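S.K.: Need coordinates for the following:
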Amino acid sequence: MELLPGKLITIRQFEKKDLDYVGQFISSEANNESVLKEYQKVIESSFNDDFDQEGERHFALEHDKELIGELTLLLEKPYIYLSYSLNSNYETRIYIQDLFVTLIKYLHLIYPHRQIITTTNKFNLVARAVIENFGFTRQSIDKIANTYTYSIFVPNPNKGK
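M.R.: The predicted structure follows:
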């Protein structure tokens, strides 16, 4: 079911057909079999995920009716933790930018005064540029994992009145 349409990427709920699609990308080697089963459990448990409840939510990202990635949101007051993964063919500025435009717009409409937090790899210059251009500020650097943590917050204009 389509939840949030963007220009290029559509955010939707996972469906049964996605289980087979994910299986194509994870080989059947012994050490990957447990990864596949775990990922299939996550997909099966998120068939009915929506933006209206607290907790961890998983969504499919598609382009032209093709699954190209996944989005994970962890909704915990007063924060929203955002992480995504895209197929390497679609990990370009235009797709990441479309994803963030759609997400930030709708998340600020649904949860107007929550801080949105995301992380990206230090060497992923495309994602870092998109995130920084959207007004996210760098909060911390993990030198061991080579990740940057960013956040964005829209203050409540009525607070203190």
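S.K.: Give me the buried positions along the helix or strand that residue 116 is a member of.
M.R.: Using DSSP states H and E, residue 116 sits within strand 115-121. Within strand 115-121, the residues that count as buried by 16 or more other Cβ atoms under 10 Å are 116-120. Every residue, glycine included, has its C-beta placed from N, CA and C.
S.K.: can you tell me which two in the residues you listed are farthest apart?
M.R.: The largest separation in these, counting by Cβ to Cβ, is between 116 and 120 at 13.3 Å.
S.K.: circling back to that earlier point, relative to the strand holding residue 116, what are the paired strands and their orientations?
M.R.: Using DSSP bridges, the strands paired with strand 115-121 are strand 79-86 (parallel), strand 147-152 (antiparallel).
S.K.: need the buried residues of strand 115-121 in TSV with distance to residue 52 and pLDDT, can you?
M.R.: Conversion of those to TSV gives the following (distance: Cβ to Cβ, whole Å; pLDDT from 0 to 100):
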residue	distance to residue 52	pLDDT
116	17	93
117	20	95
118	21	95
119	25	95
120	27	95
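S.K.: Summarise which helices and strands the longest helix seen in the chain is packed against.
M.R.: Counting by DSSP state H, the longest helix found in the chain is helix 93-110. The helices and strands touching helix 93-110, judged by 3 or more Cβ pairs under 8 Å, 6 or more residues apart in numbering; DSSP states H and E, are strand 2-5, strand 10-12, strand 66-76, strand 79-86, helix 125-133.
S.K.: Put the alpha carbons of that helix into PDB.
M.R.: Extracted C-alpha coordinates of helix 93-110, given in PDB (Å, rounded to 0.1, in the frame of the first residue of the first chain):
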ATOM      1  CA  ARG A  93      22.000  12.500  -5.100                       C
ATOM      2  CA  ILE A  94      18.700  12.700  -6.900                       C
ATOM      3  CA  TYR A  95      17.200   9.600  -5.300                       C
ATOM      4  CA  ILE A  96      18.500  10.400  -1.800                       C
ATOM      5  CA  GLN A  97      17.300  14.000  -2.100                       C
ATOM      6  CA  ASP A  98      13.800  12.900  -3.200                       C
ATOM      7  CA  LEU A  99      13.600  10.500  -0.300                       C
ATOM      8  CA  PHE A 100      14.600  13.200   2.200                       C
ATOM      9  CA  VAL A 101      12.200  15.800   0.700                       C
ATOM     10  CA  THR A 102       9.300  13.400   1.000                       C
ATOM     11  CA  LEU A 103      10.200  12.200   4.400                       C
ATOM     12  CA  ILE A 104      11.000  15.500   6.100                       C
ATOM     13  CA  LYS A 105       7.900  17.200   4.700                       C
ATOM     14  CA  TYR A 106       5.600  14.500   5.900                       C
ATOM     15  CA  LEU A 107       7.300  13.800   9.200                       C
ATOM     16  CA  HIS A 108       7.200  17.500  10.100                       C
ATOM     17  CA  LEU A 109       3.500  17.600   9.300                       C
ATOM     18  CA  ILE A 110       2.700  14.500  11.400                       C
END
